[in-house]
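A.B. asks: give me a model of this one.
(chains A and B)
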Amino acid sequence: MRFPVSRTVGGKIIGFFRELGAFSILLGQVFRHTPGLLRNRRLTTEQMLRIGVDSLPLITVMSIFTGAVAAWQASYQFQGILPGAATTDFLGAAVSAALLIELSPVLTGIVISGRTGASIAAELGSMRVTEQIDALETLAIDPVRFLAVPRFTAGWFMMPFLVIYSYWIAHFGAFAVAYFMLDVSGPKFFNSVQEHFHLQNVIGGLVKAAVFGGGTALIGCGVGFKADGGAEGVGKATIRSFVLSAAFILIADFVLATILF
Amino acid sequence: MIEIRDLHKRFGDKPVLGGVDLDIPDGEALVIAGRSGCGKTVLLKSIIGLIRPDRGRIRIDGEDITVMGRRELYRVRMKFGMLFQGAALFDSMTVEENVGLPLREHTRMSWPAIRRKVEEKLDLVGLPGIGGKKPAELSGGMRKRVGLARALMRDPSIVLYDEPTTGLDPLTSVKINDLIAEMNDRLHITSIAVTHDMLSAFKIGKRIAMLHEGRVAFDGSVREFRRSADPMVRRFLEYQRDGI
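C.D. replies: Below you'll find the model as predicted:
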């Protein structure tokens, strides 16, 4: 081994592109099977409930505190920049813009990648190591159509709804802090939100949400399909899915921000 | 008719199959025997196209599956049923959903009609009335029988069994062996079982092919196998008798 470092780095780079290629192929297969979605409507509905409805409690807690922290931090940072009453005049607008464009989509995406993406990887990984995916193959049922398409569809479709829900709850959290702790009246807070509201911010946030949801589900499926090595392999797949999804969300967030805003 | 010619498969540096030749006529009850890790399961999974060989041919009723695309392979797989070592039942589904899945996916039959057929197959494997249970509620032997019911659901002409008695207690193993033997006689299907349990092999097989170092080292009737003077066969039977 004359060049161990370059060999290791080279191996990692090749591995990254190999992985990227595998996910691209899986995405292509998912799109190929998507026209047959109606056939899978029962499975898709199940996944929508799982990704959407079952995630609501976690999204509620995350959103309340995201809104609350955003209001508190915005007020603190305005103190050194804006004069007197202006710190509270723009509080609603500043918090709302941050929530719509960035905080709600990204944090909901990260929560979903931890909760749903990892659980998809664990479930499919466990199916792989217990030969359930081979069993589907022997029954002439394509695992991509049967398992990946419903999860991918539920992921991109439900995430925007979760983010809309998060918007409402986070605004409520921000208002609660503004009203009870920063002495900002209701009309002042919501007038500020309304005056500086841009529909483009909402649409941009929802586009991001759909991409994060679809990407997270796809990564969970891809990692789960490739799991091996028994229970240990399933555990590794679960962690790997979360790490890849979180990285994907942060990178996609930057790319989409440059395109959408 | 299944024809296997010069089949090779290696995983990394490790050769597993090194030129397997085997013919399996329709209606045959073949057991593929051999020590653990000799490539029995790899051969079985290659026959149904779950593993692509590196070299060689597998013809199912004259069609070479080693060169088929996914769609064609799925068409050929409709002739097969397979019982997996751990039964491979879908955890998230009930027993009747598991057993009924092949018909639900491949036919336009109504769910009540599928349920009737499911109950018929569960009856056949001696488990009537358990359709509403989840796989986690079943014992190992019951899971295998449900797996067998699912494998038989499309009335296949070829059924593959991967270590059908592994992990079962002796009494349940006898029940499973009897059931498989009964299915072979009643349904006149081609059955290929992989096992290193010779009690099971003698019960369910009419012919035994023994794999050794990636090749078929013995191929003959059960009677010929038991009486074989081949030192490798004798050694294998002695290992079995000593429980090694």
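
A.B. asks: how many neighbours does residue B:152 have?
C.D. replies: 21 (other Cβ atoms under 10 Å in any protein chain shown). C-beta: built from backbone N, CA, C; applies to glycine.

A.B. asks: and it, how far from chain A?
C.D. replies: 12 Å (Cβ to the nearest Cβ, to the nearest Å).

A.B. asks: wait, what's in contact with that residue?
C.D. replies: B:81, B:121, B:124-125, B:159, B:183, B:187 (Cβ atoms under 8 Å, 6 or more residues apart in numbering or on different chains).

A.B. asks: let's go with 6 Å and repeat that
C.D. replies: Applying Cβ atoms under 6 Å, 6 or more residues apart in numbering or on different chains to residue B:152 gives the contacts B:81, B:121.

A.B. asks: for the strand or helix carrying residue A:61, packing partners?
C.D. replies: Element membership for residue A:61 (DSSP states H and E) is helix A:56-78. Helices and strands touching helix A:56-78, by 3 or more Cβ pairs under 6 Å, 6 or more residues apart in numbering or on different chains; DSSP states H and E, are helix A:91-98, helix A:104-112, helix A:149-181.

A.B. asks: output the lowest mean pLDDT helix or strand found in the chain.
C.D. replies: All of this refers to chain A. Sorting the helices and strands of chain A by mean pLDDT, DSSP states H and E puts helix A:86-89 at the bottom, at a mean of 76.

A.B. asks: nope, chain B
C.D. replies: helix B:231-242 (a mean of 80).

A.B. asks: which residues touch that helix?
C.D. replies: B:198, B:212, B:217-218.

A.B. asks: now the longest helix along chain B: buried residues?
C.D. replies: Scanning chain B for the longest helix, with DSSP state H as the assignment, gives helix B:170-187. Going by neighbour count (16 or more other Cβ atoms under 10 Å in any protein chain shown), the buried part of helix B:170-187 is B:172-173, B:175-177, B:179-181, B:183-184.

A.B. asks: ditto for stretch A:176-195
C.D. replies: A:177-178, A:182, A:184, A:188-190, A:192-193.

A.B. asks: what about the closest residue to residue A:105 other than its chain neighbours, how many residues nearby?
C.D. replies: Counting by Cβ to Cβ, 6 or more residues apart in numbering or on different chains, residue A:208 is the residue found nearest to residue A:105 once chain neighbours are left out, at 4.3 Å. For residue A:208, the count of nearby residues is 27 (other Cβ under 10 Å).

A.B. asks: quick check: residue A:208 vs residue B:215, distance?
C.D. replies: 58 Å (Cβ to Cβ, to the nearest Å).

A.B. asks: okay, the spatially most central residue of chain A: pLDDT?
C.D. replies: Note on chain A: the residue nearest the mean C-alpha position is residue A:109, at 1.9 Å, using Cα atoms, centre = their mean. On the pLDDT scale, residue A:109 is placed at 96.

A.B. asks: in which helix or strand would I find the closest residue to it other than its chain neighbours?
C.D. replies: Setting aside the residues directly before and after it, residue A:109 is nearest to residue A:212 in space (Cβ to Cβ, 6+ apart), at 3.5 Å. Using DSSP H and E, the element containing residue A:212 is helix A:199-225.

A.B. asks: what mean pLDDT does that helix have?
C.D. replies: 96.

A.B. asks: which secondary structure elements does it contact?
C.D. replies: Partner elements for helix A:199-225 (3+ Cβ pairs under 6 Å, 6+ apart): helix A:104-112, helix A:118-129, helix A:149-181, helix A:230-260.

A.B. asks: could you rerun that using 7 Å?
C.D. replies: helix A:4-33, helix A:104-112, helix A:118-129, helix A:149-181, helix A:230-260 (3 or more Cβ pairs under 7 Å, 6 or more residues apart in numbering or on different chains; DSSP states H and E).

A.B. asks: among those helices, which comes closest to residue B:68?
C.D. replies: helix A:4-33 (17.4 Å; Cβ to Cβ).

A.B. asks: counting by contacts, list what the closest one packs against.
C.D. replies: Helix A:4-33 packs on helix A:149-181, helix A:199-225, going by 3+ Cβ pairs under 7 Å, 6+ apart.

A.B. asks: so after it, what's the next helix or strand?
C.D. replies: Counting by DSSP H and E, what follows helix A:4-33 is helix A:41-51.

A.B. asks: make CSV out of the helices and strands packed on helix A:4-33 and add distance to residue A:127.
C.D. replies: Converted to CSV, these look like this (distance: least, Cβ to Cβ, whole Å):
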stretch, distance to residue A:127
helix A:149-181, 12
helix A:199-225, 7
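
A.B. asks: who are the contact partners of residue 89?
C.D. replies: Since no chain was named, I'll use chain A. Residue A:89 sits next to residue A:192 when contact means Cβ atoms under 7 Å, 6 or more residues apart in numbering or on different chains.

A.B. asks: meant chain B actually
C.D. replies: Counted by Cβ under 7 Å, 6+ apart, residue B:89 has contacts B:98, B:135, B:143, B:146-147.

A.B. asks: among those residues, name the ones in helices.
C.D. replies: Filtering these for helices - DSSP H - leaves B:98, B:143, B:146-147.

A.B. asks: out of the residues you listed, which one sits closest to chain A?
C.D. replies: Nearest to chain A among the ones in helices among the contacts of residue B:89, counting by Cβ to the nearest Cβ, is residue B:147 at 8.2 Å.
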